[in-house]
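Trainee: Attaching a predicted model along with its sequence, questions to come.
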Amino acid sequence: MMVRVKDRWPPGHARTPAYLRGKCGVVERSCGIFKNPEQNAYRLNPDGRELLRVRFTMAEIWGDAAEHPGDILEAEIYEHWLTPLD
Amino acid sequence: MPHDHLSPSGHPYREDNDQPLTYWQTMEIAVRELLVEKGHITAQEVHAQIDAMDARNPAMGAAVVARAWTDPDFKVHLLADGSAACRNMGFDIGPMHLIAMENTDDTHNVVVCTLCSCYPRNLLGLPPDWYKSREYRSRTVREPRKVLAEFGVTLPDHVKIRVHDSTADMRYVVIPQRPVGTDGFTAEQLAALVTRDSMIGVGIAKQSGA
């Protein structure tokens, strides 16, 4: 499944790295349901959210500045940070 | 070269830590002492937990890798469910969610945590200092080939690099490629070739006889 990481910049604790916001990738696998860290960090009785591993190309992340465009990077992103593209 | 960081004996000089405790150090001591005083935990339990963490070291990971090299069924299990495979070997890895990634002739894996310093401590022990440095964390996602070259690993263009940014709940261990010329080696002999850095992905396994 193709996804785009939401280009959101909410205040507070989030575990979506800045360099991946707005970037498109492919879901590599589901890791299961985990506590939403944005609530958990503040002891706010966290919701369960699906955690997905998303695969990006270095070309997608860094554009022309990519060291080796075909290399890949994978990161864990919570479902509410992802918009499905297909 | 200036020698102002050396003591008169020539040994590196490290300043005494005469500063007062920080807020969080004071908090940790206060909470720990209260828990002990109120009978929730004992000082021995605290020491036992510290000892348990200190006892974890890369040898555990090396044993897992050597088993994967010698036992194809185990490797399948390790790649499918890293945590369960390690527990089946008898390692107490606590609640850690482990993913194992295998290096092959055309893919090289390397692990980083850009947000903080997530590391499979329950399998490999404490991370090296450089793993937590801003340089390693920022450069590994941007120029992994240059970073690997600085560690002495130069990859040909046809080998794809797969960087794993440990951004949330999973932890990663790399299964390096088994060195050539190790046919017939026992798992113990093979484990001695598996370095900590090779399981982070910034190194390769030692060559046999090296």
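Mentor: Good, I have the coordinates.

Trainee: residue ranges of the strands in the chain, please?
Mentor: Just going to use chain A. For chain A, the strands defined by DSSP state E cover A:2-5, A:24-35, A:48-57, A:72-78, A:82-84.

Trainee: right idea, wrong chain: chain B
Mentor: For chain B, applying DSSP E gives strands covering B:97-102, B:107-112, B:160-165, B:170-175.

Trainee: ok, now how distant is B:Ser166 from B:Glu135?
Mentor: B:Ser166 sits at a distance of 17 Å from B:Glu135 (criterion: CB to CB, to the nearest Å). All C-beta atoms are positioned from the backbone trio N, CA, C, and that covers glycine.

Trainee: Which of these two has more residues huddled nearby?
Mentor: Each of B:Ser166 and B:Glu135 has its neighbours counted (other CB atoms under 10 Å in any protein chain shown); B:Ser166 has more, 23 against 10.

Trainee: give the contact list for that one.
Mentor: Shown in contact with B:Ser166 (CB atoms under 8 Å, 6 or more residues apart in numbering or on different chains): A:Glu76, B:Val111, B:Val112, B:Cys113, B:Cys118, B:Tyr119, B:Tyr172.

Trainee: What is the neighbour count of the third one?
Mentor: The criterion is other CB under 10 Å. On that basis, B:Val112 has 28 neighbouring residues.

Trainee: which ones are touching the residue nearest to it when sequence neighbours are not counted?
Mentor: Closest residue in space to B:Val112, ignoring its immediate chain neighbours: B:Thr140 at 4.0 Å, by CB to CB, 6 or more residues apart in numbering or on different chains. B:Thr140 is in contact with B:Val110, B:Val112, B:Thr114, B:Val147, B:Val163, counting by CB under 8 Å, 6+ apart.

Trainee: what's the distance between the residue nearest the centre of chain A and chain B?
Mentor: Nearest residue to the geometric centre of chain A (CA atoms, centre = their mean): A:Ile77, 3.2 Å. Counting by CB to the nearest CB, to the nearest Å, the separation of A:Ile77 from chain B is 7 Å.
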